[in-house]
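1. One predicted model, sequence on top.
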Amino acid sequence: MSNTTKSDVDNEIDLAEVVRRIGRAYDSFLAWIFNGIQFLIKYAIVIVLLIIIGVGAGIFIDGRTKIYENEIIVAPNFGTTDYLYTNIELINSRIADRDTVFLASIGIKRPKVIRKIEIKPIVDIYNLVNKTSSERETYRNSQNFELVKLLSESGDINKVIQEDVTSRNYPEHVLRITTSAKIQDKDVVEPLLKFLNANPHYERVRLEYVKNVQDKMAKNDEMIGQINTILNDFDTQSSGNQKSDKLVYYNENSQLNDIIATKNNLLAEIGRQRIDLINFDQIIKKKSQVTNIRESKGINNKMKLILPVFLLGLFGMVMWFRSFYSSQKAKHQAAKP
């Protein structure tokens, strides 16, 4: 009985101690809030001035350090992907060396505003294996499909499609030109593309490729004309003679379906060839572009927000250190005999 009573008393003491500690913690929290309010009231003018100074300085810095991104989507034709990447690396190295003479020699009119040029593939695995144009490209697409299939079985496809060797096989790539000021196409983009397209070897390849496509289109048109003649003759014969033999009728109808299917395939191929002629008018074909995008990544264009917070944090640390030093100094002096 005495042991039970003693245990109940101990539990009551522990509970009372917990309540007292919670009360002290709550009082400390209220005191902390009160001290914070007192601090804000005491240094309100200083805090407002720091905010104004920080915002003003941030606006000034943001205005002086403008960064713009310019993106151009290009398609390297006739196996010129390595040629494109090599030339972009060359130009970027000259930009890093601030070789404005070289940049001006390739036609860029405002070389000093260019910070860097990057090129990255537009990762599109479906376009890589499904793109259709010529028979040669169709053969390459089948190889790409087998490669992707093999890589997917190994479980590394997500990693492999991002690798440099694989990524250069994608049909479209994006050029990113970083500048310190707004640019116009005629000053930077057009001279850059003109330089990339000024390769005598690939220009000859382009002309031969276009000629081959045009010859193939002419052959396809001729074959379609022959098919149309056959269809017209068949229509004339069908309207003039009634077929009584069902087997012969079925055989002729089956052949007619094959002829119509061949015509449809030829028409589809001519459609692709016409698109090819549009895309193959340049070695490096520009598909689209967006220029003068204000860069806002990282701390770019955010100094008007960062500086006030930094100044207030610095002021708070200085005041805390001052209070800490004063309290420790007072304790040290009080401890002296």
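-> Nice, thanks for sending it over.
2. Torsion angles phi and psi at Glu69?
-> Backbone torsions for Glu69, taken as degrees, to the nearest 10, come to phi -110, psi 140.
3. Next one: it from Ile106, what distance?
-> 21 Å (C-beta to C-beta, to the nearest Å). Any C-beta I mention is one placed from the backbone N, CA and C, and that applies to glycine too.
4. so where do the helices sit in this structure?
-> Taking DSSP state H, the helices of the chain run over residues 2-42, 44-64, 81-96, 100-105, 125-130, 135-154, 157-160, 164-167, 189-196, 200-240, 246-279, 303-335.
5. And the average pLDDT for the last one is what?
-> Yep, that's helix 303-335 we're talking about. Mean per-residue pLDDT for helix 303-335: 78.
6. next one: that helix to chain centre, how far?
-> Chain-centre distance of helix 303-335: 44 Å, with C-alpha atoms, centre = their mean, to the nearest Å.
7. For that helix, buried residues please.
-> Met303, Lys304, Leu307, Pro308, Leu311 (16 or more other C-beta atoms under 10 Å).
8. Kindly report the same for stretch 200-220.
-> Tyr202, Val205, Arg206, Tyr209, Val213, Lys216, Met217, Asn220.
9. Would you confirm that the fifth one contacts Gln273?
-> Yes. Between Val213 and Gln273 a contact is recorded at 5.2 Å, counting by C-beta atoms under 8 Å.
10. Next, count neighbours for the residue nearest to Lys216 when sequence neighbours are not counted.
-> Spatial nearest neighbour of Lys216, chain neighbours left out: Gln273 (6.4 Å); criterion: C-beta to C-beta, 6 or more residues apart in numbering. Per other C-beta atoms under 10 Å, the neighbour tally for Gln273 reads 18.
11. same deal with the one 4 residues further on?
-> Here the count is done by other C-beta under 10 Å, and Leu277 has 13 residues near it.
12. now swap in Glu69 and tell me
-> 18.
13. contacting residues around it?
-> Arg176, Ile177, Thr178, Ile293, Glu295 (C-beta atoms under 8 Å, 6 or more residues apart in numbering).
14. Could you point out which of these is nearest to Gln38?
-> Nearest to Gln38 among these: Glu295, at 42.5 Å, using C-beta to C-beta.
15. where are the low-confidence patches of this protein?
-> Applying pLDDT under 70 to the chain flags residues 1-15, 17, 62-64, 125-166, 235, 237-254, 295-301, 332, 334-337.
16. Nearest residue to Ile260 in space, please, no chain neighbours.
-> Closest to Ile260 by C-beta to C-beta, 6+ apart is Leu231, at 7.7 Å.
17. again, but for Leu175
-> Using C-beta to C-beta, 6+ apart, the closest residue to Leu175 is Ile72 (4.3 Å).
18. Run a quick check on that neighbour versus Val189, I expect a contact.
-> Yes. Ile72 lies in contact with Val189 (C-beta under 8 Å); the separation is 6.2 Å.
19. Please enumerate the shared neighbours of the two.
-> Ile177, Gln289.
20. okay, those two: which has more neighbours?
-> Applying other C-beta under 10 Å to Ile72 and Val189 shows that Ile72 carries more neighbours, namely 23 against 19.
21. That one bridge partners, please.
-> Leu175, Gln289 (DSSP bridges).
22. quick one on the thing from earlier: by neighbours, which of the contacts of Glu69 wins?
-> Ranking the contacts of Glu69 using other C-beta under 10 Å puts Ile177 first, with 25 neighbours.
23. in terms of contact, does Glu172 touch Asp124 like I think?
-> Yes. Using C-beta under 8 Å, Glu172 makes contact with Asp124 at a distance of 7.1 Å.
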